[in-house]
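In: below is the sequence, then the predicted model.
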Amino acid sequence: MVVEVERELLRKCRAGDWNAYEPIVRAYESRVYGLALGLVRNPDDARDLTQDSFVRAFQAIELYDPDRPFLGWLLGICRNMCIDFLRRRRPLVHMDDESPEGRKVQLPDPNARTDRPTIADETRALVWEAMGQISDEHREVLVLKDIQDLEYAEIARILNIPQGTVASRVYYARRALRAALEAMGVEYP
Amino acid sequence: MMPPPGMPASHPTGSAGNLPDPALEELVRYVDDEMTGEEREAFEHRLADSTELKREVAIQKAMRGELKAMGLESQTPPGGSIWEAVNKQIARPTGWMFLIAGLLMYIGYAVYTFIESPMNLFERLMIGLVVIGFVILLSSVAYERIRDYRSDPYKGVQR
């Protein structure tokens, strides 16, 4: 989204015009949902948290600093909501035969042209599973850096830690992911 | 090797090789392209002389590549756009606010009119009893609903 357009829309939102919020929601919902899905790993919960994040952001729009990228601020809200959700998540009684994590995630395949599973599908499924094996703290930093591709400065603001700590945490998180993949039988040269 | 300051002890440190912590930080900043040109040049000189550093860079790049290949950075939520749901949640509180404010003003006006109207005592008694009875019934139903919701053992069950 063009920065000037975004600023104008956010100005209108501050004035209480919720219709100006629609282009913002439509522009960023896939990024926010991607973050929520990476953190909570359940599509339905991720959708609810995405929705709640946008509502919370609109309600707190007065607190938004216009000098900061809006997406980063929004992702910070979503990250906090996901962390709260993971902390208070109770074991659910499942009414059907789904897995304990709920509906199975359909990982996207940008190169999919056939229904047959490919090596890439298997690798991505393994990486997804390995992401579930590492700690929430490691997972969140990998989602923010390697999936959402945010800069260290933005991640530092979101996690409220120094940039040096972000770098160290990214390092150990990648090592943890590799260890999880190796434990699942993946071999690296 | 001890974890860097601010790092929980749960981080796997055993496989981090013999690199000191500042070197780890530099290494990751190099992989993530967060270095200035000068820093990058200096690091690449050291990289050329260190097998261990090369191995660590390869590991970090491999993991970064695996995660990038997931294609998760931008995903359409199940069921399509969430705008309609967000719009409802944003707009409804405003609607309720206006409705409640209007009702309170209306009730206030009705009470004022009731007090000021030239009715006899019997008429006042009839209207007063109807209104009081209605309020008692309404509040008892609301109380039961709230109590049932709080004690519902199945309210946490999701499909």
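Out: Nice, I can see it. Numbering: from 1, shown residues only, chains lettered A, B, ... in the order given.
In: what's the domain layout of chain B?
Out: If you go by automatic domain parsing, the domain ranges for chain B are B:21-68, B:83-150.
In: which residues touch the strand or helix carrying A:Glu4?
Out: Taking DSSP states H and E as the criterion, A:Glu4 maps to helix A:3-14. Identification of contacts with helix A:3-14 by Cβ atoms under 8 Å, 6 or more residues apart in numbering or on different chains yields A:Ala20, A:Tyr21, A:Pro23, A:Ile24, A:Ala27, A:Phe58, A:Ile61, A:Glu62, A:Tyr64, A:Pro66, A:Phe70. Placement of C-beta: from N, CA and C, glycine included.
In: ok so the fifth one is a strand residue?
Out: No - secondary structure assignment places A:Ala27 outside any strand; it is helix (DSSP: H, G, I helix; E, B strand; the rest coil).
In: not counting sequence-adjacent ones, nearest residue to it?
Out: In space, and not counting its chain neighbours, A:Ala27 is closest to A:Met1: 4.6 Å by Cβ to Cβ, 6 or more residues apart in numbering or on different chains.
In: what of the fourth one?
Out: Ranked by Cβ to Cβ, 6+ apart and with sequence neighbours excluded, the top spatial neighbour of A:Ile24 is A:Leu9, at 5.6 Å.
In: tell me the pLDDT of the one you found.
Out: On the pLDDT scale, A:Leu9 is placed at 92.
In: anything in stretch A:161-178 near chain B?
Out: Yes - using Cβ under 8 Å from any Cβ of the partner chain, stretch A:161-178 reaches chain B at A:161-162, A:164-165, A:167-172, A:174-178.
In: distance between the longest helix along chain B and the chain's centre?
Out: Scanning chain B for the helix with the most residues, using DSSP state H, yields helix B:83-116. Distance of helix B:83-116 from the chain centroid (Cα atoms, centre = their mean, to the nearest Å) equals 28 Å.
In: buried ones in stretch B:45-60?
Out: B:Leu47, B:Leu53, B:Glu56, B:Val57, B:Ile59, B:Gln60 (16 or more other Cβ atoms under 10 Å in any protein chain shown).
In: grab the nearest non-local neighbour of the second one.
Out: Once its chain neighbours are removed from consideration, B:Leu53 has its nearest residue in B:Leu47; the separation is 5.2 Å (Cβ to Cβ, 6+ apart).
In: within the helices and strands, which one has the one you found?
Out: Using DSSP H and E, B:Leu47 sits in helix B:37-49.
In: repeat that for A:Ile161.
Out: According to DSSP H and E, A:Ile161 maps onto no helix or strand at all.
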